[in-house]
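Asks: Give the three-dimensional model of this entry:
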Amino acid sequence: MLLTQMPSDTPDADEPPDASGMTVADMSNAHEVVVTSVRTGGPAERGGLRAGDRLSGIGGRHPADGLMARHWLNEPAACRIRINFLRGGAMNVATLDRCRDDGTRHGPQDTGRRG
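Replies: Numbering: from 1, shown residues only. Model prediction:
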């Protein structure tokens, strides 16, 4: 499986519309979801996620597959979403801030940087 860091100015057809700043995929050997890429400066990177992290919870729910994870990451209800993930055998928690100061959602190519 290819794991990458996406530059902030590179369009990606698999970029999730929720602008979480990461792409995810199913693990082939288990009911797990892995982060396959993280956009530089995006919400996932700012929250501390990296390519290779295994998602164990999104907003308090366990995603059974990548489709479910993308669906939950796309839910428009909250600007902040809690992500539980495994890295190197240790459980971690990240909070993704998916909104700007005015409450509008970041776009897929928005790095969250201003000026």
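
Asks: Could you use CA atoms for every contact and neighbour count after this?
Replies: Fine.

Asks: Can you find the helix or strand of this structure with the lowest average pLDDT?
Replies: Within the chain, confidence by mean pLDDT, DSSP states H and E is lowest for strand 4-6 among all helices and strands, at a mean of 45.

Asks: So which residues of the chain form strands?
Replies: Remark: strands assigned in the chain by DSSP state E are 4-6, 22-26, 33-39, 54-58, 80-87, 90-97.

Asks: quick one: strands adjacent to the fifth one?
Replies: Take DSSP bridges as the rule and strand 80-87 pairs in its sheet with strand 54-58 (antiparallel), strand 90-97 (antiparallel).

Asks: circling back: any chance of the strands of the chain in JSON lines, with mean neighbour count and distance to residue 74 too?
Replies: Putting the strands of the chain into JSON lines (neighbours: other C-alpha atoms under 10 Å; distance: least, C-alpha to C-alpha, whole Å) gives the following:
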{"stretch": "strand 4-6", "mean neighbour count": "16", "distance to residue 74": "19"}
{"stretch": "strand 22-26", "mean neighbour count": "23", "distance to residue 74": "12"}
{"stretch": "strand 33-39", "mean neighbour count": "25", "distance to residue 74": "15"}
{"stretch": "strand 54-58", "mean neighbour count": "23", "distance to residue 74": "11"}
{"stretch": "strand 80-87", "mean neighbour count": "18", "distance to residue 74": "11"}
{"stretch": "strand 90-97", "mean neighbour count": "16", "distance to residue 74": "12"}
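
Asks: quick one, which of these is nearest to residue 48?
Replies: Among those, the nearest to residue 48 by C-alpha to C-alpha is strand 90-97 (6.4 Å).

Asks: who's in contact with that closest one?
Replies: Contact with strand 90-97 is made by 20, 43-44, 46-49, 79-86, as judged by C-alpha atoms under 8 Å, 6 or more residues apart in numbering.

Asks: give me that answer again for 10 Å
Replies: For strand 90-97, contacts defined as C-alpha atoms under 10 Å, 6 or more residues apart in numbering pick out 19-21, 42-49, 53-59, 73, 78-86, 105-106, 112.
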